[in-house]
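1. everything below, folded, please.
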Amino acid sequence: MSAARPVRPGPLAGVRVLDLTSVLMGPYCTQVLSDMGAEVIKLEPPAGDTSRHVPPMHAPAAGATFRWVNRGKRAIVVDLATPRGRDVCLRLAARCDVFVHSIRPQAIASLGLAYDAVRAANPSIVYCSLLGFGREGRYSGGAAYDDTIQALSGLAWLQSQLAGKPQYVATVAADKVCGITGAYAILGALFHRQRTGEGQEVDVPMFETMASFALVEHLTGAFYDPPESAPVYRRVISPERRPYATADGHLAVLVYNDKQWQRFARIAGRAELLDDARFASMTARAANIDAYYGTIAQILSTRTSGEWLDALGPAGIPVARVNSTEDLFSDPHLADVGFFDEHDDPLDGRVRMPGFTVRFRGSPTAPAAPAPALGQDTLAVLRESGFTAAEIDALVGERVVSAAPPAPGR
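-> Okay, here's the model as predicted:
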């Protein structure tokens, strides 16, 4: 009998995921599953996930971003380029609930690990492909990274409406949005399997996902056929939509609905603006958005940030200071909710990373340790999956799998 495998707390406790993803989108997807209690087995090639080698790092193949985006997972090394490596992967998949990869379709097929092969090993498997492009389109199989998809989906062009030239959003938005999309798609397939007993193949294409994401608010008049306007939501690309300068800093202020506008005008001592037809309703303000935002900008410049915070917050008008990413580490609200998980790590010393932000009151989750060393759990996972000692020794001897010694404290 194989050894019992670890079970982490959370709503996905007992769900086992075989993770062949790398870099960011896929690992972020499976991080969400891991944070909810799933056992995620990260299968890496002998050289490891590329992102292991992105600095900063305190130890080889242990970059900080890799360490926290792959937190709570177990790491095994299998050389999938070998026939025996493929067989190992399929034997592992036979004991998993989910198989997820971010490998291009032609490459995963050449490895012998396309859906049909994995389904033959485990008919109830939820098999998720994180793709650059949908299989039916002419871009199918093309290489895709976050920058590629930001450009194709319209995000970089939308930034040009503010900056004067195309720009990427200053975060890997496509990778993260598509990673979260992959996580909820997997959960939907697991729920379907719970009701029917049926596994299935799930495709999550980056381009289509981000094109839909960009058009959530920008579809506007293109909703109609023929279109009544260009697919651009004018409010969010107004050059006046930005943090407003106050007498001593900057604030984010959004005076959005009619009640907020009426309160703002009175607080500002500008009650005469309530008679301005350009701003009399949300429809009128949307039609005169640049003038509206420009008026608010002029008013906010007349007082300090503290004065506006004291006046607008209690009135129910959304107002906030402009934090830098460094400011997040001292934000009092994040401290109140225990946003950062801080602990001593045997590899990196004292570390801190954002915790899982969702709270399950009935099936609470637990903080996870940073990602393991390359191959740290290979031997344990193989034993738990029914491989005999002789089989494991042979696989190690033939360099089909490799293992690292467990880190101190694990």
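
2. for the stretch 201-350 of the chain, which segments count as helices?
-> Counting by DSSP state H, counting those that start in this stretch, residue ranges of the helices within the stretch 201-350 of the chain are 206-218, 234-237, 258-267, 282-287, 289-300, 305-312, 332-336.

3. then the stretch 51-200 of the chain?
-> 64-69, 83-93, 105-110, 115-121, 146-152, 155-163, 173-196.

4. so which of those is nearest residue 207?
-> Closest to residue 207 of the helices of the stretch 51-200 of the chain is helix 146-152 (C-beta to C-beta; 5.5 Å). Bear in mind the C-beta positions are built from the backbone N, C-alpha and C, glycine included.

5. I'd say residue 149 and residue 208 touch.
-> No - using C-beta atoms under 8 Å, residue 149 is not in contact with residue 208, being 9.8 Å away.

6. look at these two and report which has more neighbours.
-> A direct count of neighbours by other C-beta atoms under 10 Å for residue 149 and residue 208 places residue 149 higher, at 28 against 20.

7. skip the chain neighbours and tell me the closest residue to that one.
-> residue 174 (4.0 Å; C-beta to C-beta, 6 or more residues apart in numbering).

8. residue 312 too?
-> Nearest to residue 312 is residue 319, by C-beta to C-beta, 6+ apart, at 4.3 Å.

9. how about the contacts made by that neighbour?
-> The contact partners of residue 319, by C-beta atoms under 8 Å, 6 or more residues apart in numbering, come to 251, 252, 253, 308, 309, 312, 313.

10. export the residues you listed to a markdown table and tack on neighbour count, pLDDT and distance to residue 17?
-> What follows is those, written out as a markdown table (neighbours: other C-beta atoms under 10 Å; pLDDT from 0 to 100; distance: C-beta to C-beta, whole Å):
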| residue | neighbour count | pLDDT | distance to residue 17 |
| --- | --- | --- | --- |
| 251 | 19 | 98 | 43 |
| 252 | 13 | 97 | 38 |
| 253 | 23 | 97 | 43 |
| 308 | 23 | 98 | 47 |
| 309 | 17 | 97 | 44 |
| 312 | 22 | 97 | 46 |
| 313 | 12 | 96 | 43 |
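
11. nearest to residue 284 among the residues you listed?
-> When these are ranked by distance to residue 284 (C-beta to C-beta), residue 253 comes first, at 19.3 Å.

12. quick check: that closest one touching residue 244?
-> Yes - with contact defined as C-beta under 8 Å, residue 253 reaches residue 244; the gap is 5.7 Å.

13. buried residues, stretch 190-197. List them.
-> Buried positions in stretch 190-197, judged by neighbour count with 16 or more other C-beta atoms under 10 Å: 190, 193.

14. got a list of contacts for it?
-> 15, 97, 98, 124, 126, 198, 199, 200.

15. so for it, mean pLDDT?
-> Averaging pLDDT along stretch 190-197 gives 98.

16. hmm, back to that, is the residue nearest to residue 312 in a bridge, and if so with what?
-> With DSSP bridges applied, residue 319 shows beta-bridge pairing to residue 253.

17. measure it to residue 80 for me?
-> 53 Å (C-beta to C-beta, to the nearest Å).

18. try residue 367
-> Residue 367 is 32 Å from residue 80, by C-beta to C-beta.

19. looking at these two, which has the bigger crowd around it?
-> More crowded of residue 367 and residue 80, by other C-beta under 10 Å: residue 80, with 21 against 14.

20. chain center to stretch 81-94: distance?
-> 28 Å (C-alpha atoms, centre = their mean, to the nearest Å).

21. and the nearest residue to residue 77 once chain neighbours are set aside, how many residues sit next to it?
-> Spatial nearest neighbour of residue 77, excluding adjacent residues (C-beta to C-beta, 6+ apart): residue 375 at 3.9 Å. The burial count assigned to residue 375 is 20, neighbours taken as other C-beta under 10 Å.

22. list the contacts for residue 375?
-> 44, 75, 76, 77, 401, 402, 403, 404.

23. residue 115 now?
-> Residues counted as contacts of residue 115 (C-beta under 8 Å, 6+ apart) are 127, 129, 201.

24. try 10 Å
-> Contact analysis of residue 115 by C-beta atoms under 10 Å, 6 or more residues apart in numbering lists 99, 105, 108-109, 125, 127-129, 199-203.

25. just the buried members of those?
-> In the contacts of residue 115, burial by neighbour count holds for 99, 105, 108, 125, 127, 128, 129, 199, 200, 201, 202, 203, counting by 16+ other C-beta under 10 Å.

26. which two from those residues end up farthest apart in space?
-> Every pair of the buried ones among the contacts of residue 115 checked by C-beta to C-beta; the farthest is 105 and 199, at 18.9 Å.
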